[in-house]
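1. okay, predicted coordinates and the sequence, questions at the end:
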Amino acid sequence: EVQLVESGGGLVQAGGSLRLSCVASGFTFDDYGICWFRQAPGKEREGVSCINDSDGRTYYAGSVKGRFTISRDNAQNTVYLQMNSLKPEDTAIYHCALTEGTIATIPPTYGMDYWGKGMLVTVSS
């Protein structure tokens, strides 16, 4: 059974940082691309960042580029999202998700195969 468990969310002031973690189990971790998505209140879920399975290539949404960094530790079956210079508009529920094979861009939500339950990140002004 595939499981994705996120941690590291919470409340932070604008300008602060958080590091999100997603621990995966139940599949061959390095055969999948891993992404972070988020859903703000009243908005659709959007892709934030992805990292490839084989070459570790990374992709970012324009709204987070330069502030967020995605990384993965295949030995620990873990993907991280380092979020710096957080803004109130980053407030959302953050999910990790995976898709089999190589990623060439941030996929749409329907392109992902498995999802974590998500966790809340709140950035206060």
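-> Great, that's in hand. Note that the structure is predicted; figures quoted are calculated from it, not measured.

2. all strands of the chain, in order?
-> 3-7, 10-13, 18-25, 32-39, 46-51, 58-60, 68-73, 78-83, 92-100, 114-115, 119-124 (DSSP state E).

3. OK, contacts around the residue positioned nearest the centre of the chain?
-> Central residue of the chain (CA atoms, centre = their mean): residue 36, 2.0 Å from the mean position. By CB atoms under 8 Å, 6 or more residues apart in numbering, the contact list for residue 36 reads 20, 22, 47-50, 70, 79, 81, 94-97. For every residue, glycine as well, the C-beta is placed using N, CA and C.

4. what pairs with it across the strands?
-> residue 49, residue 96 (DSSP bridges).

5. likewise residue 25?
-> When assigned by DSSP bridges, residue 25 has beta-bridge partners residue 3.

6. in contact with it, which residues?
-> Contact analysis of residue 25 by CB under 8 Å, 6+ apart lists 2, 3, 77.

7. let's see it at 10 Å
-> Applying CB atoms under 10 Å, 6 or more residues apart in numbering, we find residue 25 in contact with 1, 2, 3, 4, 5, 77.

8. list the residues that contact the fourth one.
-> By CB under 10 Å, 6+ apart, the residues touching residue 4 are 22-27, 34, 77, 79, 95-98, 114-118.

9. likewise the fifth one?
-> Applying CB under 10 Å, 6+ apart to residue 5 gives the contacts 21, 22, 23, 24, 25, 78, 96, 116, 117, 119.

10. and the first one, how far from residue 7?
-> Translated: residue 21. Separation of residue 21 from residue 7 (CB to CB, to the nearest Å): 5 Å.

11. and the pLDDT at residue 64?
-> Residue 64 is assigned a pLDDT of 98 by the prediction.

12. that one and residue 79: what is the separation?
-> Residue 64 sits 15 Å away from residue 79, going by CB to CB.

13. neighbour-wise, which of the two wins?
-> Taking other CB atoms under 10 Å, residue 64 and residue 79 do not tie; residue 79 has more neighbours (28 against 22).

14. in this structure that one contacts residue 20, no?
-> Yes: counting by CB atoms under 10 Å, residue 79 does reach residue 20; the two are 8.7 Å apart.
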